[in-house]
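**Student:** any chance you could fold what I've pasted below:
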Amino acid sequence: MFTLKDIFLYNPDKPLQFDQYLFWLFFSVLFAGYLFVYRKDRLRILYLMCFSLFFYYKSGGYFFFLLLFSTVVDYTIGNWIYRSKTKWKKISFVVLNVTINLGILIFFKYSYFIVDNINFLFHTHFHAYNYLAGLFNAIGNPLSLNYHLDTAKILLPAGISFFTFQTISYSVDIYREKIKPAKNILDYGFFVTFFPQLVSGPIVRAIEFVPQIHRKYNLTREEFSGAIFLIINGLMKKVLISDYISGFVDRIFASPGSFSGFENLMAVYGYSIQIYCDFSGYTDIAIGVALLLGFHLPLNFNSPYKSNSTTDFWRRWHISLSRWLRDYLYIPLGGNRKGKIRQYINLMITMLLGGLWHGASVVFIIWGGLHGIGLAVHKLWADMWKRIRGIENDSEAKQTPVFRFFDKAWNIISIILTFHFVAFCWIFFRARTLDDAKELLNRIFNNFQSKMVWQMVQGYGNIFAVILIGYAIHFLPLSFKNAYKDRFDRMPLVLKALVVAGVVIFLYQFATAGRRFIYFQF
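**Tutor:** Next up is the predicted model:
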């Protein structure tokens, strides 16, 4: 049973998430009120923005003041960029915007990492303290709020990595003359704070979202059905697969040396499907909720483990981030325009910074570096393969049965190799420390205990079955997935409601309290 504090006050131990009953209570109230305001353009925006700020408060506490500060600053600087008559002024304002946004991000996300490395290199004893935590405690204690924040820790505002990239792209796109500034600060504030994508993406650009703000609300029957399907699909990914196997994965990665190589390997396979179901599940729900409100968010996942190369993987995984890194980092660095060596260097820089974006840790940097190497190797291999085959433009040769057979066989092999490379990289992404990652790999290669595999399969039967089901669903042909989505679309509304109710009741049996979305921490 919810108390008034549960409903209206932030609890750092239970931030508001899409898989909580409280969120769906809030959304039901929001949507009921939305039916009365959606025709009134300005009132609709103000209504949704107020709810978005409340959602952010329930997800991240008083850091919604930081979100408001960022909104005002970025809106103001965006107008300065647009109104400046000289190029050097425009560049200066872009630099100011990037400096402010990255400065805030670096303070909250990388303070300990920077201070620890300074202490390691120069044998100093500096400490990072969060003075904002002291301020929030001073505010909260007289109001008898039910939390106390540790002033010895840098607190991470929810979604800061996502909305920082979002606001930087806004200013850069104004400078590049791809967009004009939002008409007013309310429009811009709504773009930044729109709650479905605020905490964990996808990273939405102003050029994609701002034109939708004043578009007439028109939710078609197909869009309504598609939104409900996405929400149910996302919840099932999160609750039935990701949360169910998370205990097994967490246990192995917490102490890899305590388990056999086979168990460690299965934890790697488990985490690979867990993080996909968790993050893509969040995105499915975000896109579905936004669609119910009349807004279209960009696709963020496209069956990434079907990729036949590292390059293909990054076209399918966290698409909004990979596009951002490409357009605002890789291409400005020179992209592939300055020779092959420079291209490989640019790829490495981009992916190293992409790894660092996920967190201030050596393991994230290694994860990014491995993907940078993977991208560079694939580019090199693709160029060599074209020369080896020598039939790039020979359309007749491509039509022969032999060619088609070997082409399909090679594609399957490429998918298997790419998946295992990505899974190997996930080891460093998930491991708490580099030593843990080394120990996990050591157990896999030196202590596999193959004679005990069948007993372990029997012991972890349910977990392994869910992992297998997750992969089986992921690798289903697109035509099959579209077929059961179309079948859901064609259902009568009453039957659709019964299906949704049945799924909700079913999910309730599997619900695990307190499991945050993985990308909530980024």
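**Student:** C-alpha only now, for contacts and for neighbours.
**Tutor:** Noted.
**Student:** pLDDT score for F126?
**Tutor:** For F126, the pLDDT comes out at 66.
**Student:** give the buried residues for stretch 492-508.
**Tutor:** K496, V500, L507 (16 or more other Cα atoms under 10 Å).
**Student:** likewise stretch 439-459?
**Tutor:** For stretch 439-459, by 16+ other Cα under 10 Å, it's E439, L440, L441, N442, R443, I444, N447, F448, Q449, M456, V457.
**Student:** what does the fourth one show for phi and psi?
**Tutor:** The main-chain torsion angles of N442 are listed as degrees, to the nearest 10 and equal phi -60, psi -40.
**Student:** who's in contact with it?
**Tutor:** Taking Cα atoms under 8 Å, 6 or more residues apart in numbering as the criterion, N442 is in contact with G261.
**Student:** now do the fifth one
**Tutor:** With Cα under 8 Å, 6+ apart as the criterion, the residues that contact R443 are P256, G257, F259, S260, G261, N264.
**Student:** make TSV from those and add secondary structure to it.
**Tutor:** TSV is the format used below for these (DSSP: H, G, I helix; E, B strand; the rest coil):
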residue	secondary structure
P256	helix
G257	helix
F259	coil
S260	coil
G261	helix
N264	helix
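**Student:** of these, which is the most crowded?
**Tutor:** N264 (28 neighbours; other Cα atoms under 10 Å).
**Student:** that residue and P196, how far apart?
**Tutor:** To P196, N264 is 35 Å away according to Cα to Cα, to the nearest Å.
**Student:** T220 too?
**Tutor:** For T220, the distance to P196 (Cα to Cα) stands at 20 Å.
**Student:** more neighbours: which of the two?
**Tutor:** P196 (22 against 11).
**Student:** now the nearest residue to that one once chain neighbours are set aside: which helix or strand?
**Tutor:** Nearest-residue entry for P196: A286, 4.6 Å, with adjacent residues in sequence omitted and distances by Cα to Cα, 6 or more residues apart in numbering. Taking DSSP states H and E as the criterion, A286 maps to helix 261-292.
**Student:** where does this protein dip in pLDDT?
**Tutor:** 1-2, 120, 123, 125-155, 388-399, 402-403, 511-522 (pLDDT under 70).
**Student:** pull the longest helix from it.
**Tutor:** Determined from DSSP state H, the single longest helix within the chain is helix 87-122.
**Student:** show me what counts as buried in it.
**Tutor:** For helix 87-122, using 16+ other Cα under 10 Å, the buried residues are 90, 93-94, 97-98, 100-102, 104-112, 115-116.
**Student:** and for stretch 168-179?
**Tutor:** Result for stretch 168-179 [16+ other Cα under 10 Å]: buried residues I168, S169, Y170, S171, V172, D173, I174, Y175, I179.
**Student:** contacts for it, please.
**Tutor:** Counting by Cα under 8 Å, 6+ apart, residues outside stretch 168-179 touching it are 74, 77-78, 81-82, 90-91, 94, 97-98, 101, 180-181, 205-207, 328.
**Student:** cool, stretch 270-290 as well?
**Tutor:** 18, 196-197, 200-202, 226-238, 241-243, 245-246, 249, 296-298, 300-301, 423, 426, 430, 467, 470-471, 517-519.
**Student:** repeat that for 6 Å
**Tutor:** P196, Q197, A227, L230, I231, G234, K237, K238, S242, L297, A423, I467 (Cα atoms under 6 Å, 6 or more residues apart in numbering).
**Student:** can you tell me the SS state at the third one?
**Tutor:** So that's A227. Per three-state DSSP, A227 ends up helix.
**Student:** from Y471, how far out is it?
**Tutor:** 23 Å.
**Student:** these two - which one has more neighbours?
**Tutor:** Neighbour count, other Cα under 10 Å: between A227 and Y471, A227 has more, with 23 against 16.
**Student:** check the gap between the more buried one and A472 for me.
**Tutor:** 23 Å.
**Student:** now do R176
**Tutor:** As defined by Cα to Cα, R176 lies at a distance of 44 Å from A472.
**Student:** what do you get for Y110?
**Tutor:** Taken as Cα to Cα, the span from Y110 to A472 is 38 Å.
**Student:** in the helix or strand hosting K408, which residues are buried?
**Tutor:** Using DSSP H and E, K408 maps to helix 401-430. Within helix 401-430, the residues scored as buried using 16+ other Cα under 10 Å are 411, 414-430.
**Student:** quick one: list the elements packing against it.
**Tutor:** On a contact count with 3 or more Cα pairs under 6 Å, 6 or more residues apart in numbering; DSSP states H and E, helix 401-430 meets helix 362-389.
**Student:** over to R39: give its phi and psi.
**Tutor:** phi -80, psi -20.
**Student:** i'd like the first residue to be 646 from this point on
**Tutor:** I'll keep to 646 as the first residue from here, and by that count the last item is R684.
**Student:** that one - nearest residue in space that isn't next to it in sequence?
**Tutor:** Nearest to R684 is Y862, by Cα to Cα, 6+ apart, at 7.2 Å.
**Student:** give me the secondary structure label for that neighbour.
**Tutor:** Classification of Y862 by three-state DSSP places it in coil.
**Student:** can you get me a residue count around V1008?
**Tutor:** V1008: 24 neighbours (other Cα under 10 Å).
**Student:** using CSV, list the CA coordinates for the helix or strand hosting L992.
**Tutor:** Taking DSSP H and E as the definition, L992 sits inside helix 985-1003. Taking Å, rounded to 0.1, in the frame of the first residue of the first chain, the C-alpha atoms of helix 985-1003 are listed here in CSV:
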residue,chain,number,x,y,z
LYS,A,985,43.1,5.1,-43.4
ILE,A,986,45.5,5.6,-40.5
ARG,A,987,43.7,8.7,-39.4
GLN,A,988,40.4,6.9,-39.7
TYR,A,989,41.5,4.1,-37.4
ILE,A,990,42.8,6.7,-34.9
ASN,A,991,39.5,8.6,-35.0
LEU,A,992,37.6,5.4,-34.4
MET,A,993,39.7,4.6,-31.4
ILE,A,994,39.3,8.1,-29.9
THR,A,995,35.6,8.0,-30.5
MET,A,996,35.1,4.6,-28.9
LEU,A,997,37.4,5.3,-26.0
LEU,A,998,35.4,8.4,-25.2
GLY,A,999,32.2,6.4,-25.8
GLY,A,1000,33.4,3.9,-23.1
LEU,A,1001,34.2,6.8,-20.8
TRP,A,1002,30.7,8.2,-21.3
HIS,A,1003,29.4,5.1,-19.6
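**Student:** could you chop the chain up by domain?
**Tutor:** 658-862, 864-946+1096-1167 (automatic domain parsing).
**Student:** dump these to TSV, plus distance to H1003.
**Tutor:** Formatted as TSV, the domains of the chain follow (distance: least, Cα to Cα, whole Å):
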stretch	distance to H1003
domain 658-862	8
domain 864-946+1096-1167	6
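**Student:** what about the ones you listed, which gets the closest to G980?
**Tutor:** The closest approach between G980 and any of the domains of the chain, judged by Cα to Cα, belongs to domain 658-862 at 17.2 Å.
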